[in-house]
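J.: Here is a sequence together with a model predicted from it:
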Amino acid sequence: MQLSPGDSLVIFTDGLSEAEGVEQQEKALAALKEKVATLHGVEAEEVVQAIEDLVLSDVDTPVTDDVTLVVVNRNVPLQKAEENRLDRLSGN
């Protein structure tokens, strides 16, 4: 597998996709795929936060399975990384 600049590899256990219950698993996976597709060029920490916000914020019951999420991304160009850092510092 080769990652181009800005690409991310997202690996997770079934505890993440089943966090909302088995009946919602397909819907959760579709939403997860859509969300990840919008995060091209974003730093790994921001991808993790966006996925946690999407999946875990709407969970009504305690999560009983392990939840493991690993995000690896190829560094974005230095200029873009600096723009992202400045945006975060300024609250954008």
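T.: Perfect, I can see it now. Residues are numbered from 1 along each chain as shown.
J.: CA only for contacts and neighbour counts going forward, please
T.: Noted.
J.: can you map out the helices along the protein?
T.: 14-17, 25-37, 44-56, 78-90 (DSSP state H).
J.: Could you save those helices as a markdown table and add columns showing mean pLDDT?
T.: Conversion of those to a markdown table gives the following (pLDDT from 0 to 100):
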| stretch | mean pLDDT |
| --- | --- |
| helix 14-17 | 69 |
| helix 25-37 | 81 |
| helix 44-56 | 87 |
| helix 78-90 | 72 |
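J.: looking at those helices, which is buried most?
T.: Between these, the one whose residues have the most neighbours on average, counting mean count of other C-alpha atoms under 10 Å, is helix 14-17 (a mean of 18).
J.: so how far is residue 44 from residue 11?
T.: Relative to residue 44, residue 11 is positioned 12 Å away (C-alpha to C-alpha, to the nearest Å).
J.: Give me the common contacts of these two.
T.: residue 71 (C-alpha atoms under 8 Å, 6 or more residues apart in numbering).
J.: what number of residues lie near the closest residue to residue 12 other than its chain neighbours?
T.: The shortest distance from residue 12 to any non-neighbouring residue, by C-alpha to C-alpha, 6 or more residues apart in numbering, is to residue 69 (4.4 Å). Neighbours of residue 69 under the rule other C-alpha atoms under 10 Å: 15.
J.: Switch the helices of the chain over to TSV; also include distance to residue 2.
T.: Shown next, in TSV, are the helices of the chain (distance: least, C-alpha to C-alpha, whole Å):
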stretch	distance to residue 2
helix 14-17	25
helix 25-37	17
helix 44-56	17
helix 78-90	20
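J.: Residue 65 is nearest to which of the ones you listed?
T.: Among the helices of the chain, helix 14-17 comes nearest to residue 65, with 5.1 Å by C-alpha to C-alpha.
J.: picking that back up, can you read off the pLDDT for the residue nearest to residue 12?
T.: Listed pLDDT for residue 69 reads 89.
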